[in-house]
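**Student:** Got a predicted structure here, sequence first:
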Amino acid sequence: MPDLIILALTGALFVSFGFLVYYSTSKYNSRGHEIVTGVVAGVPISAQYRKILLWVTWLPQVAAVLIGALVFGAMFVVLARQAADADVRTVAYLCAFSAAFLGVFSSVMVIPYAKLLASVVRNAE
């Protein structure tokens, strides 16, 4: 595959990856805020519904971002291996590193945040 196409695909995937991260992070952060405050769209919700929001919506949203980061990282590695030019390979590997870093960092940071949300839900009951 020509290096120019690999570079264009890397750029397109990186923009898509950035959109996934930005959009998904804002969605699950707002969902976490709703779980903590107990208010959805200005309406108070029960502790049972907060528990459902935590386990059925928030956790899958976070898992989707982490899995998405790994998938994007793998796609960048595949593109890097196809490149003949060292500079194009470096760009693709840097994109793969950023996706892997996000996946690892988020998976470490989500544990205390999930514990906090579970504690808030447990104390609300």
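**Tutor:** Ah, there it is. Residues are numbered from 1 along each chain as shown.

**Student:** If you count residues, where's the longest helix of this structure?
**Tutor:** The longest helix of the chain (DSSP state H) is helix 86-124.

**Student:** Could you point out the helix or strand that follows the helix or strand where residue 52 lies?
**Tutor:** Following DSSP states H and E, one finds residue 52 within helix 47-52. Scanning forward in sequence from helix 47-52 by DSSP H and E, the next helix or strand is helix 59-82.

**Student:** Return the set of buried residues in that next one.
**Tutor:** 59, 61-62, 65-66, 68-70, 72-73, 75-77, 79-80, 82 (16 or more other CB atoms under 10 Å). (Each C-beta comes from the backbone N, C-alpha and C, glycine too.)

**Student:** try stretch 8-27
**Tutor:** Within stretch 8-27, the residues scored as buried using 16+ other CB under 10 Å are 9, 10, 13, 14, 17, 20, 21, 24, 27.

**Student:** The fourth one reaches residue 95, doesn't it?
**Tutor:** Yes. Judged on CB atoms under 8 Å, residue 14 makes contact with residue 95 at a distance of 5.1 Å.

**Student:** what is in contact with these two at once?
**Tutor:** Common contact partners of residue 14 and residue 95 (CB atoms under 8 Å, 6 or more residues apart in numbering): residue 76.

**Student:** wait, what's in contact with the residue nearest the centre of the chain?
**Tutor:** Most central in the chain under CA atoms, centre = their mean is residue 65, positioned 2.6 Å from the mean C-alpha point. Shown in contact with residue 65 (CB under 8 Å, 6+ apart): 20, 21, 24, 25, 28, 106.

**Student:** Look up which helix or strand the third one falls in, please.
**Tutor:** Mapping residue 24 onto the secondary structure by DSSP H and E places it in helix 3-37.

**Student:** Any idea how far that helix is from the middle of the chain?
**Tutor:** Centre-to-centre, helix 3-37 and its host chain are 7 Å apart (CA atoms, centre = their mean, to the nearest Å).
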